[in-house]
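> Sequence and computational prediction follow.
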Amino acid sequence: MAASTLSSAKVTLGYLMWWLLMTLVETYALVNTFHFAVSMALADAVNINLLVATAGYIVHNSLKYYRPSIRNIVYLMAGIVVLSAGCVYLHEWIMVKYIYPDNIIYQQYLTLSSVVRGLIAWMMIALMAIGSWIWFYLLDQRAADQREQDMVKIARETELNTLRQQLQPHFLFNSLNSISALVGSQPERARLMIQ
């Protein structure tokens, strides 16, 4: 099964590589498209991607303990929309207040790109939620299969023990009957059989 070949460490490493790739792609796009300085583009990309990765981690951990049914998936998607909007707002607040408070061009860029950032953040968090849901579903399925195999094994062992318990008194009864038959006709063989 797929869950058995993927360990938690491999999944975490995969997510880290994905976020690193997203950070590099966004940095490259900001440098080449908007002609930002590499330091500014890198700061922007690292900040938004860390926020989105943190939101994805929150969704991942919540899905570890609660997996909504198909009917309740709307609540999960609404939560992801709120998280992605929070990521974009927090990103703009951090960048404008602490990192680049005096750069008007960058602030205009942030304002104009907030909707696109929100959509990308929503998409990334939703992908992480879907991946986590599938991951935990496979783990649950694997655990259920293991429980079923254990129950079948226990049932076989119980059946075998029951048969053994039935055979032991039957063997003892047959042996005693044989000895009883030999005592009258061949006492010497009966003594040997008892020994």
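Noted; the coordinates are in hand.
> Which of the three states applies to Phe36?
Secondary structure, DSSP: H, G, I helix; E, B strand; the rest coil: Phe36 is coil.
> give the contact list for it.
By CB atoms under 8 Å, 6 or more residues apart in numbering, the contact list for Phe36 reads 30, 44, 106. Heads up, the C-betas are built off the backbone N, CA and C, glycines and all.
> what about 7 Å?
Residues in contact with Phe36 (CB atoms under 7 Å, 6 or more residues apart in numbering) are Leu30.
> Next, find the distance separating it from Val152.
Here Phe36 is placed at a distance of 62 Å from Val152 (CB to CB, to the nearest Å).
> For Ser39, give its distance to Thr23.
Noted for Ser39: a distance of 14 Å to Thr23, by CB to CB.
> now swap in Pro101 and tell me
To Thr23, Pro101 is 23 Å away according to CB to CB.
> go on, Ile70?
Computed as CB to CB, the Ile70 to Thr23 distance reads 34 Å.
> higher neighbour count, those two?
Neighbour totals were compared for Ile70 and Thr23, and Thr23 leads with 20 against 6 (other CB atoms under 10 Å).
> residues touching the more buried one, list them.
For Thr23, the contact set (CB under 7 Å, 6+ apart) comprises 45-46, 49.
> Excluding residues flanking it in the chain, which one is nearest Asn49?
Using CB to CB, 6 or more residues apart in numbering and skipping the chain neighbours, the partner closest in space to Asn49 is Thr23 (4.6 Å).
> How about the strand or helix carrying that neighbour, which residues are buried there?
Using DSSP states H and E, Thr23 sits within helix 8-33. For helix 8-33, burial by neighbour count (16 or more other CB atoms under 10 Å) applies to 15, 18-19, 22-23, 26-27, 30-31.
> Need those residues in a markdown table (columns: pLDDT and distance to Ala143).
Formatted as a markdown table, those follow (pLDDT from 0 to 100; distance: CB to CB, whole Å):
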| residue | pLDDT | distance to Ala143 |
| --- | --- | --- |
| Tyr15 | 83 | 22 |
| Trp18 | 89 | 26 |
| Trp19 | 90 | 29 |
| Met22 | 92 | 32 |
| Thr23 | 94 | 35 |
| Glu26 | 93 | 38 |
| Thr27 | 95 | 41 |
| Leu30 | 93 | 44 |
| Val31 | 95 | 47 |
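> Identify, from the residues you listed, the entry nearest to Ala9.
When the buried residues of helix 8-33 are compared for distance to Ala9 (CB to CB), Tyr15 comes out closest, at 10.9 Å.
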